[in-house]
Each structure stands twice: as C-alpha cells, then as structure tokens.
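Engineer: dropping the sequence and predicted coords here.
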Amino acid sequence: MKPRSKITLAISAVIIISAALALTYKFKADNKQKYILQQAESGVLKYQLALGERYLNDHEMQHSAYWLNKAAKQGSHEAMDQLGIIAYYLKSKTNPSTEDKQVFTEVEQMLNASRRPQTMLDVYQQRAEDGDMEAVLSLGIMYKRGNGAPEDYAQARKYFELYAAADNTANPGNGEYYLASMYLAGSGVAVDGKKALALLQKSCDLKFKLSCYELGDLYYQGGESWAKDYKKGTELLDVYSEGNSPDSRAMTYIQSLFTMYREGGYGIKPNPQRVQAIKTQLCRSDDLYGDDCEGIAQQ
C-alpha cells in the first residue's frame, strides 16, 4: 500500500476541518433558532416580528400569521402591516387551499378588530387570557347583567365557575355568590334552591359577607327546598355587637332580623329586647347610622 502524498493528506485535512466547521455552524444555528423561538413564545416582540417576517419571506403564511398575530396583540403596527400583506396575498390566490382560507379568515378577524375602538370587554378578555382572575370575575358580571357585553348567562356562569375554582383570588367566595344568585333566579339554569344555599354557605365560610347576609335572609323567608330557620337566620344577620361598627350592607336585611326577633319560632324565642338594643346602638349620636335613627326606630 502506497503512502499518501502530502497533497492528499492536506486535502483530507481540509475536508475534515470543513465538515467540522459545518457541524459547528449548524449546531450554533440550531441553538440560535431555539433561542429565538423561546424568546418569541415568552412574548418578546422583536423575535415574534422576526419569525413572522422570516416565514412571510419563505411564503409559509400560516406560520407567519401565527407570530404576527401575537405581535399585533401587543400593539405592533408593523405586525398589522405585515398581516395586511398576507391578507392581500391570500385573497389574490386563484385556487386557495383550505388552509389558505382558514389563515385568511383569522388574519381578517385580527385586522377588523384593530380597526374598531377597544372596549372594556376587549380589555377584560385580554386580561383574563393573561390569567387575571379579577378580570374573569368582571367578565362574568358583564355577561350576567348585559352591561358592556351582550347578556349571556352561559358565558356568565362559565366565568363565575372559573373564579370560584381559582386559588388566591382577591375576593374569595364572590364567584359562588353570583352563581347562587343565578340558581335562585333561574338565570340560564333551572331554579335550584338547594344548590344556591350550598354555594352561599361555601361563600360565607370563605368570609364573603354578602353571602352570609343573603343566606340569613333566605333562612328567614324559607323556600320550596329549605325550611325557615330563625336560629341560623339571626346568627347570620345579627352583626350589631356592642362596640363594633355595624356593616352597612347588613342594613338591607335589618327588617328581616327584627321580624325574627319579634315573632320567634323556627328555633328561637321572641326577643324584643334584642330589637331595642340594636336600635339603641344604631341610634347613638356617634354611630354611623345616627342620621337614620328615625327610620330605624319605626321598624
């Protein structure tokens, strides 16, 4: 076997070095691409735009629209311009594929949304998508009342259930409170008193006071699926302890409380003395309700 010439060895060395450099370059390029994707997914605008433009240049419209949509949601006018190019290109195609039609529809929706003023519904929906649970609660209220959004009980219930199931919300028990009101009124659901009471009890246990007061009033009234219970009702509504400033929201139900103490029954004895004691406390000159003393005294 003849020994290799110096030229052959040199050529072999060059080939090996070139191959190594090519592998190194590919490795670096792959790492760079991975980094760009990670940054774009995490919301870095410039990388979302870079990927959108790259895919647009390669005529990969679906991938381009994906990244440009993300950038447009961050308010990028450049992304909106690029989406306009995609829409024009797809609309001018002679035989668009099913995928082309789908991408065109999505792009048109984004462009149309950008042309109208942003509403509070838009703001809350975006915040909800970003994980803001208070925005989720606000959406439920808007859909329930038809205020700032179309009245839609199914949507309202969905958002209230999401809020009720979440941890670390600013107002624990608020979701259950609104769900209970829907089951009591039959708003988009069958009337279900038992379910409403269970939701109010859970909410009250979470220290949401409005649910405690509503629950107390329901025990005063009684219903088809629950009995009157003045013992529970007075325990929930009598928040007028001496030395404590009474909760103004409980005043809505004070007539129910007075009636239970006057009539007695359903678990308690008549207690007119307690009625007078509450009136005296509320009518103190230094009390929050001093100006309303005359009205309270007549109840």
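Structural biologist: It's in.
Engineer: any weak-confidence spans in the chain?
Structural biologist: 1-30, 116-117, 242-245, 285-299 (pLDDT under 70).
Engineer: my guess is Asn69 meets Val103, correct?
Structural biologist: No - the criterion here is C-beta atoms under 8 Å, and Asn69 misses it with Val103 at 10.0 Å. Glycine gets a C-beta too; all of them are placed from N, C-alpha and C.
Engineer: can you give me the helices in the stretch 51-200 of the chain?
Structural biologist: 61-73, 77-91, 98-115, 120-129, 133-145, 153-165, 174-185, 193-205 (DSSP state H, counting those that start in this stretch).
Engineer: gap between the third one and the chain center?
Structural biologist: Distance, stretch centre to chain centre, for helix 98-115: 25 Å (C-alpha atoms, centre = their mean, to the nearest Å).
Engineer: need the contact partners of that helix.
Structural biologist: With contacts defined as C-beta atoms under 8 Å, 6 or more residues apart in numbering, helix 98-115 is touched by 61-62, 65, 69, 72, 80, 83-84, 86-87, 90-91, 93, 96, 122.
Engineer: what residues sit buried inside it?
Structural biologist: Applying a neighbour-count criterion of 16 or more other C-beta atoms under 10 Å, one finds 100, 103-104, 106-107, 110, 114 buried in helix 98-115.
Engineer: can you add distance to Lys32 and give those back as CSV?
Structural biologist: As requested, those are arranged in CSV below (distance: C-beta to C-beta, whole Å):
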residue, distance to Lys32
Asp100, 30
Val103, 27
Phe104, 31
Glu106, 28
Val107, 28
Met110, 28
Ser114, 31
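Engineer: mind checking how far stretch 190-201 is from the chain centre?
Structural biologist: On C-alpha atoms, centre = their mean, the centre of stretch 190-201 falls 23 Å from that of its chain.
Engineer: same question, stretch 170-185
Structural biologist: 14 Å.
Engineer: ditto for stretch 217-237
Structural biologist: 32 Å.
Engineer: for stretch 65-84, same thing?
Structural biologist: With C-alpha atoms, centre = their mean as the basis, stretch 65-84 stands 24 Å off its chain's centre.
Engineer: contacts for it, please.
Structural biologist: Residues contacting stretch 65-84 (C-beta under 8 Å, 6+ apart): 40, 43, 45, 48-49, 51-53, 55-56, 64, 86, 103, 106-107, 110-111, 114, 126.
Engineer: hmm, 10 Å instead?
Structural biologist: Residues outside stretch 65-84 that contact it (C-beta atoms under 10 Å, 6 or more residues apart in numbering): 37, 40-41, 43-56, 60-61, 64, 85-87, 90, 102-104, 106-111, 113-115, 126, 129.
Engineer: same check on stretch 235-251?
Structural biologist: With C-beta under 10 Å, 6+ apart as the criterion, stretch 235-251 contacts 200, 204, 209-220, 229-230, 252-254, 256-258, 260-261, 267-268, 271, 274, 277-282, 287-289, 292, 296.
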